[in-house]
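**Student:** give me the fold of what follows.
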Amino acid sequence: MRISLIYELQMAKPWHERSEYETYWQAIAQAELAEEMGFHAVWCVEHHFLSEYSHSSAPEVFFGALSQRTSRIRLGHGVVLLPHQYNHPVRAAERAAVLDILSNGRVEFGTGRGITEQELGGFMIDPDVTLEQWEEAVRAIPQMWMKDTVSFDGKHLKMPERAVLPKPLQKPHPPLWHAATQPSSFQRAGRLGLGLLSFGFLAPGMLEAQIKLYRDAAASCTSPAGAFVNNQVACSAMACCAETRQRAYEIAEPNMRFFWDLGQQLYIPKSAQTYQYYKNISDALISTRGAGEKPEGDKVSAVPAMPELDLAAAAQAGTVICGNPDDCIRAIENYPRVGADELLLLMQVGRMPHGAIMDTIKMFGKYVIPHFRNVSTPASARTP
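**Tutor:** From the prediction side, this is the model:
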């Protein structure tokens, strides 16, 4: 069972003139400590226009810096957005290859398509084409890495024969992953032989059936997007660890609530003009989190409000990892039981103090990570 960090690079207001500077450099210091404490990877999202929620618009630059300040911890794109108006597939392939070289072969390459109106609308992207563009790109990029020259004549990706340079250090290529929040995307990841990045922040018990969908699809994959089936499952959870449960709750509650509440505003849209695409996402989130009945029709103005975060209940269910080291161990033990290979911990939420994050990383390194060092999930495999 691998334990990793994931970053949104959140920045709750009020801000000062060095807020972004401090957020980035503190994250680098946290990642350096995480390597020392035995964490497996640092993952980072790509988001645009999401004020306060995520200031991580250029994760490849962040990782470039991190590649020179660490030597072992893996660097995970969680994810690169592949609709072409975000990132042309050639540019995505080139940047990831350079990062793989500079990091001495530590890249994990996760991809997705983006789901917020702010991002898709800001780049004038039609939601109806994002799945097609993503799948074309996720199949094309490994070919760019493995072949001397490539050409494409797809529905969206067209390119005469060219050499895409440089090539990544890892052979045949870095492991490929796919972001998933609903059953269809879990199955899609497995069907294409991609590792699963579950970003729903759901309790382990609510993930078990969806992980089985993924495992079944991965087991029957005969035409992976890349050169091998990356049969791996990574789940996500907020985390805070302190000497006592009470202290952890005091630190975490306002900051985890910030993430929870702002996420509702972004991912549970209420506008009557919202695309059917977003309604489907809303339905998936509501049904898996139990917030109420699904709305009828094509509009989502009737979407009920998500429940407020009950930290104690969420910690008990394993939706968040919060408490003393023993509490955190007990919560994490449920993840390998439902089929997870890796847990991505989101510690930098709201205005979580840098010192508290560093303390959590130290607690995990001293008590939690050693406990899980030999805990594995038998179904997992990266099949060359």
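
**Student:** distance of the closest residue in space to Arg351 that isn't next to it in sequence relative to Ala29?
**Tutor:** Nearest residue to Arg351, sequence neighbours excluded (CB to CB, 6 or more residues apart in numbering): Ala12, at 4.8 Å. (Each C-beta comes from the backbone N, C-alpha and C, glycine too.) Noted for Ala12: a distance of 19 Å to Ala29, by CB to CB, to the nearest Å.

**Student:** over to Val45?
**Tutor:** Val45 is 19 Å from Ala29, by CB to CB.

**Student:** make sure I have this right: the residue nearest to Arg351 is in a helix.
**Tutor:** No: looking at Ala12 with DSSP: H, G, I helix; E, B strand; the rest coil, it is coil, so not inside a helix.

**Student:** so between Val45 and Ala29, which is more surrounded?
**Tutor:** With neighbours defined as other CB atoms under 10 Å, Val45 and Ala29 compare such that Val45 has more, 24 against 15.

**Student:** so what does that one look like in phi/psi?
**Tutor:** Main-chain dihedrals, Val45, degrees, to the nearest 10: phi -80, psi 170.

**Student:** again with Gly114
**Tutor:** phi 80, psi 140.

**Student:** how about Ala227?
**Tutor:** According to degrees, to the nearest 10, Ala227 has phi -90, psi -10.

**Student:** again, but for Ser236
**Tutor:** Backbone phi and psi, for Ser236 under degrees, to the nearest 10, turn out to be phi -130, psi 150.

**Student:** which non-adjacent residue is nearest it?
**Tutor:** Leu344 (4.5 Å).

**Student:** avg pLDDT for whichever helix or strand Met363 is part of?
**Tutor:** Using DSSP states H and E, Met363 sits within helix 354-363. Taken as a whole, helix 354-363 has an average pLDDT of 99.

**Student:** what of stretch 17-28?
**Tutor:** pLDDT averaged over stretch 17-28 gives 98.

**Student:** buried residues in it?
**Tutor:** Thr23, Tyr24, Gln26, Ala27 (16 or more other CB atoms under 10 Å).

**Student:** and if you look at stretch 26-42?
**Tutor:** Buried, per 16+ other CB under 10 Å, within stretch 26-42: 26-27, 30-35, 37-42.

**Student:** can you list those in a markdown table and add secondary structure and distance to Tyr86?
**Tutor:** Output for those, formatted as a markdown table (DSSP: H, G, I helix; E, B strand; the rest coil; distance: CB to CB, whole Å):
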| residue | secondary structure | distance to Tyr86 |
| --- | --- | --- |
| Gln26 | helix | 27 |
| Ala27 | helix | 22 |
| Gln30 | helix | 27 |
| Ala31 | helix | 24 |
| Glu32 | helix | 29 |
| Leu33 | helix | 31 |
| Ala34 | helix | 28 |
| Glu35 | helix | 29 |
| Met37 | coil | 33 |
| Gly38 | coil | 34 |
| Phe39 | coil | 28 |
| His40 | coil | 27 |
| Ala41 | strand | 23 |
| Val42 | strand | 22 |
